[in-house]
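Student: what follows is a protein structure lacking sequence information:
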């Protein structure tokens, strides 16, 4: 029987385990009863979940049995950064770390593709956030196989005409490695929750235009975002394979509709809170010796002039 740290939350957005996932079947717009809530109501509900998350994070830190890894993946302009910021607001910064993974450095290319993410895994009692992750190694490299050439890995061949040929087994091997890696993490007490923020093509266009038209957002825009947008079908196909191979009970994927940012943030927060609640975290209890030490300390303080 496969090991699971908790029974993963099925909130209507959890993707099926070992099943074929169609991107076209995934909603980008609010779909449940909360879709009728106003923007202010969604913000109010979010604050309630943020408060709950803050308390759970304190227990997680004190309990020291588990850690949490939150992985966020999305197409451009889906709202990863703002979602992380809004959901984690109010949580003790000492108990949270965020890591964004860009193009691998020369030193990182000398190791396996999971090596650089291992150093950023959260310690016991802490929450780690991967803003993009090792999934880029079966996403961006899948769409742009030339990025694999500097990795110097078996199964990847650069042809004389400059094209790159990748053995189909190469991708299956990477998917299996990721699934095994995440199961290992779960067995070590790491709660792995993966979020795909699913923005529609039309909504992405509006957000990219806003980055161009609003001076305060110009810094967010990169011309390369349009090149990625042109390859939307290829990225969608890559994501479908990712979900099919790596949506597991010990590391579930949640496809959260992202066309409404307030709704998206609430659903992410709800999922995290519900999962942490299932860990049954508690405040550590002192031994009899420890309690005796507290009593002695109290008496000592009480005796001070």
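Tutor: Looks like it arrived, so ask away. For clarity, every value in this text was computed on a predicted model and none was experimentally measured. Residues are numbered from 1 along each chain as shown.
Student: tell me, how many residues neighbour residue 143?
Tutor: 14 (other Cβ atoms under 10 Å). C-beta here means a position set from N, CA and C on the backbone, and glycine is covered the same way.
Student: apart from its chain neighbours, what residue comes closest to it?
Tutor: residue 234 (4.7 Å; Cβ to Cβ, 6 or more residues apart in numbering).
Student: give me the element the one you found is part of.
Tutor: helix 232-246 (DSSP states H and E).
Student: which secondary structure elements does that helix sit against?
Tutor: helix 140-143, helix 168-187, strand 190-198, strand 253-257 (3 or more Cβ pairs under 8 Å, 6 or more residues apart in numbering; DSSP states H and E).
Student: buried sites along that helix?
Tutor: Buried positions in helix 232-246, judged by neighbour count with 16 or more other Cβ atoms under 10 Å: 235, 238, 239, 240, 241, 242, 243, 244, 245, 246.
Student: chain center to that helix, what's the gap?
Tutor: Chain-centre distance of helix 232-246: 16 Å, with Cα atoms, centre = their mean, to the nearest Å.
Student: likewise stretch 207-214?
Tutor: Put simply, stretch 207-214 sits 26 Å off its chain's centre (Cα atoms, centre = their mean).
Student: I'd say residue 211 and residue 218 touch.
Tutor: Yes: shown here, residue 211 and residue 218 form a contact pair, counting by Cβ atoms under 8 Å, at 6.7 Å.
Student: more neighbours: which of these two?
Tutor: With neighbours defined as other Cβ under 10 Å, residue 211 and residue 218 compare such that residue 211 has more, 17 against 10.
Student: what helix or strand is that one on?
Tutor: Going by DSSP H and E, residue 211 is in helix 201-213.
Student: next, the angle helix 232-246 makes with that helix.
Tutor: Here the directions of helix 201-213 and helix 232-246 differ by 120 degrees (axes from the mean of the first three to the mean of the last three Cα atoms, to 10 degrees).
Student: now the nearest residue to residue 225 once chain neighbours are set aside: how far from residue 265?
Tutor: Leaving aside its chain neighbours, residue 225 sits nearest to residue 76 (4.6 Å; criterion: Cβ to Cβ, 6+ apart). According to Cβ to Cβ, to the nearest Å, residue 76 and residue 265 sit 18 Å apart.
Student: can you count the residues close to residue 68?
Tutor: 24.
Student: I meant residue 59, not that one.
Tutor: For residue 59, using other Cβ under 10 Å, the count is 16.
Student: next, the contact list for it, please.
Tutor: The contact partners of residue 59, taken as Cβ atoms under 8 Å, 6 or more residues apart in numbering, are 281, 282, 283.
Student: please state the offset of the helix or strand hosting residue 227 from the chain centre?
Tutor: Take DSSP H and E as the rule and residue 227 turns out to sit in helix 224-230. How far helix 224-230 lies from its chain's middle: 23 Å, per Cα atoms, centre = their mean.
Student: before we move on, what about stretch 54-64?
Tutor: Centre-to-centre, stretch 54-64 and its host chain are 19 Å apart (Cα atoms, centre = their mean).
Student: shift numbering so it begins at 873
Tutor: With 873 as the first residue, the last one maps to stretch 926-936.
Student: show me which positions of it end up buried.
Tutor: 928, 929, 930, 931, 932, 933, 935.
Student: which stretches of the stretch 1073-1177 of the chain have low pLDDT?
Tutor: Along the stretch 1073-1177 of the chain, no part satisfies pLDDT under 70.
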